[in-house]
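Participant: take this sequence and fold it.
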Amino acid sequence: MASAAPLHPVARQALVAALDEGWADPARLYREGRRARLLLDAAREAAAEEVGCRPDELAFTPSGTRALHSAVAGAAAGRRRTGRHVVLSAVEHSAVLHAAEPFDTTEVAVDRAGRVDAGRFAAALRPDTALACLQSANHEVGTLQPVAEVADACRAAGVPLLVDAAQSLTWGPVAGDWSLLAGSAHKWGGPPGVGLLVVRKGTRFAPQEPADERESGRAPGFENLPAIVAAAASLRAVRDGAAAEAARLSALVDVIRTRVPQLVPDVEVVGHERLRLPHLVTFSCLYVDGEALLSGLDRAGFSVSSGSSCTSSTLTPSHVLKAMGVLSEGNVRVSLPPGTAAEDVERFLAALPRVVADVRAHMGADAVPGLNTPADGGTSAAAAVSDATATEPGAELVVDSLGKRCPIPVIELARVIGEVPLGGLVTVLSDDEAARLDIPAWCTMRDQEYVGERPAERGTAYVVRRRV
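Facilitator: Residues are numbered from 1 along each chain as shown. Below you'll find the model as predicted:
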């Protein structure tokens with residue numbers, strides 16, 4: 001559900017019905033066009049009721065991403081006389097970050113749970129601030145943000161607040177006196193290709209889309225009416241009983257949050273313990289390649305996602321995990337769709353330790369002290385790292401991990417940390433961007449001291465002092 005939810009049965013029924021009844025142009029006056037217009041107006045009213053806005057404040061867009069881009073561009077253009085400054089949290093969706101690139105931006109930091117401080121956000125507002133952006137809940141770790149408090153601060157400063165509500169609209173409307181809001185139908189079980197853009201009355205907004213009279217000029221082009229009808233119908237359907245389902249799924253997430261660290265050594269559960277979405281849980285495993293872990297879980301019958309630097313098409317760490325300062329390697333994001341049974345969670349928890357152990361063995365993490373004991377005849381911790389350069393007592397131990405991707409630099413650090421005396425230093429040379437995040441995170445998890453980083457002839461030198 002973090003990326004997309006299965007099509008809701010109500011959405012399927014509405015989609016099929018609208019294909020027959022809603023094929024015509026709702027802007028035309030002939031009979032079929034009037035019927036299509038009635039369907040569009042009804043869908044808009046239904047969606048607006050669930051969002052908590054007026055129907056004439058809501059426009060349907062081709063996607064949630066398009067809604068976010070249109071919101072940032074239109075709101076900033078509407079306040080161009082004020083300035084070109086945009087305030088946003090460091091963990092906003094990439095669509096918001098990309099949309100804000102042409103402007104002077106201030107990113108508000110988050111804590112290790114991924115939550116912004118409302119006071120710090122308010123302090124970032126300036127006289128030339130044209131727009132503020134804050135998600136209602138984080139897409140990767142599920143942490144809820146203090147939208148109502150930030151909205152009050154923005155209102156007092158005369159700055160419109162854009163809320164990315166894609167992850168939270170399934171569970172209820174967004175509280176607070178926000179000015180703009182964006183959502184995406186495929187997050188709540190509607191069809192893909194439908195987004196919501198809400199612009200409150202009184203908010204200055206200058207659409208930057210090509211001129212078109214449809215959707216108040218905020219989403220030009222012929223509306224995908226069958227998909228819009230299905231999106232509105234499914235949003236109303238998932239809200240019926242959402243409170244009870246949220247409580248049930250939240251209890252299952254609590255089970256995962258509690259038992260994963262008990263079943264798998266060296267795991268960090270990330271995100272806020274209480275202020276979070278009910279269906280989402282994220283954790284990171286030391287000494288694990290994220291792509292291999294996801295593939296192993298997929299073979300075991302579990303479809304999960306990741307924000308790890310070692311997954312998808314990018315070799316850079318997740319900007320969300322990076323902003324939180326938590327471990328990125330071996331990251332797993334589990335989202336529980338409505339109807340998930342306790343037995344499904346138990347099967348996942350039964351399979352996870354074996355999959356993690358297999359990946360760690362494949363990565364050569366068997367020799368890491370305190371994790372796995374090497375088999376008879378195995379190599380020692382020192383010998384396992386052929387690129388480690390041991391020197392006289394009191395000097396640094398240098399581990400050359402250049403050209404190696406996560407989690408190899410951390411594995412090699414863990415193997416040799418015991419080879420230096422207490423207070424001794426280990427320097428890891430790495431050109432993998434993930435090392436900048438994962439080595440400090442490893443130090444926090446293993447109670448070692450991260451001294452800092454310095455430039456090297458190639459890559460970066462990360463210095464760690466042994467404390468235990």
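
Participant: CA atoms only for stretch 101-109 - export them in CSV, please.
Facilitator: Only the C-alpha atoms of stretch 101-109 are listed here, as CSV (Å, rounded to 0.1, in the frame of the first residue of the first chain):
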residue,chain,number,x,y,z
GLU,A,101,14.2,22.9,-7.5
PRO,A,102,13.7,26.2,-9.4
PHE,A,103,13.1,28.1,-6.2
ASP,A,104,15.2,29.2,-3.2
THR,A,105,14.5,26.4,-0.7
THR,A,106,15.0,25.8,3.0
GLU,A,107,14.8,22.2,4.1
VAL,A,108,13.8,21.7,7.7
ALA,A,109,15.6,18.8,9.4
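
Participant: tell me the helix or strand right after the helix or strand in which Ile228 is found.
Facilitator: Using DSSP states H and E, Ile228 sits in helix 225-239. Note on helix 225-239: by DSSP H and E, the next helix or strand toward the C-terminus is helix 242-263.

Participant: re the thing from before, packing partners for the helix holding Ile228?
Facilitator: On a contact count with 3 or more C-beta pairs under 8 Å, 6 or more residues apart in numbering; DSSP states H and E, helix 225-239 meets helix 9-21, helix 31-51. All C-beta spots, glycine's among them, are computed from the backbone N, C-alpha and C.

Participant: quick check: angle from the last one to helix 225-239?
Facilitator: The directions of helix 31-51 and helix 225-239 differ by 30 degrees, with axes from the mean of the first three to the mean of the last three C-alpha atoms, to 10 degrees as the criterion.

Participant: wait, what's in contact with Leu425?
Facilitator: By C-beta atoms under 8 Å, 6 or more residues apart in numbering, Leu425 lies in contact with 396-397, 451, 463-466.

Participant: helices and strands of the protein: which one bottoms out on pLDDT?
Facilitator: helix 381-384 (a mean of 37; mean pLDDT, DSSP states H and E).

Participant: which helices and strands does whichever strand or helix holds Val398 pack with?
Facilitator: Here Val398, judged by DSSP H and E, is contained in strand 397-400. When contacts are defined as 3+ C-beta pairs under 8 Å, 6+ apart, strand 397-400 packs onto strand 388-389, helix 408-416, strand 425-430.

Participant: between those, which one is nearest to Val359?
Facilitator: helix 408-416 (11.5 Å; C-beta to C-beta).

Participant: from the chain's centre, how far out does the closest one sit?
Facilitator: Remark: helix 408-416 is offset 28 Å from the chain centroid, using C-alpha atoms, centre = their mean, to the nearest Å.

Participant: and if you look at stretch 353-371?
Facilitator: Counting by C-alpha atoms, centre = their mean, stretch 353-371 comes out at 27 Å from the chain centroid.

Participant: same deal with stretch 246-258?
Facilitator: Mean C-alpha position of stretch 246-258 versus that of the full chain (C-alpha atoms, centre = their mean) differs by 19 Å.

Participant: export it to PDB, keeping only CA atoms.
Facilitator: Below are the C-alpha coordinates for stretch 246-258, written out as PDB (Å, rounded to 0.1, in the frame of the first residue of the first chain):
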ATOM      1  CA  ALA A 246      -6.600   1.000  11.200                       C
ATOM      2  CA  ALA A 247      -6.700  -0.300  14.800                       C
ATOM      3  CA  ARG A 248      -6.400  -3.900  13.700                       C
ATOM      4  CA  LEU A 249      -3.500  -3.300  11.300                       C
ATOM      5  CA  SER A 250      -1.700  -1.100  13.800                       C
ATOM      6  CA  ALA A 251      -1.700  -4.000  16.300                       C
ATOM      7  CA  LEU A 252      -0.200  -6.200  13.600                       C
ATOM      8  CA  VAL A 253       2.500  -3.600  12.900                       C
ATOM      9  CA  ASP A 254       3.200  -3.500  16.600                       C
ATOM     10  CA  VAL A 255       3.900  -7.200  16.500                       C
ATOM     11  CA  ILE A 256       6.400  -6.700  13.600                       C
ATOM     12  CA  ARG A 257       8.100  -3.800  15.300                       C
ATOM     13  CA  THR A 258       8.500  -5.800  18.500                       C
END
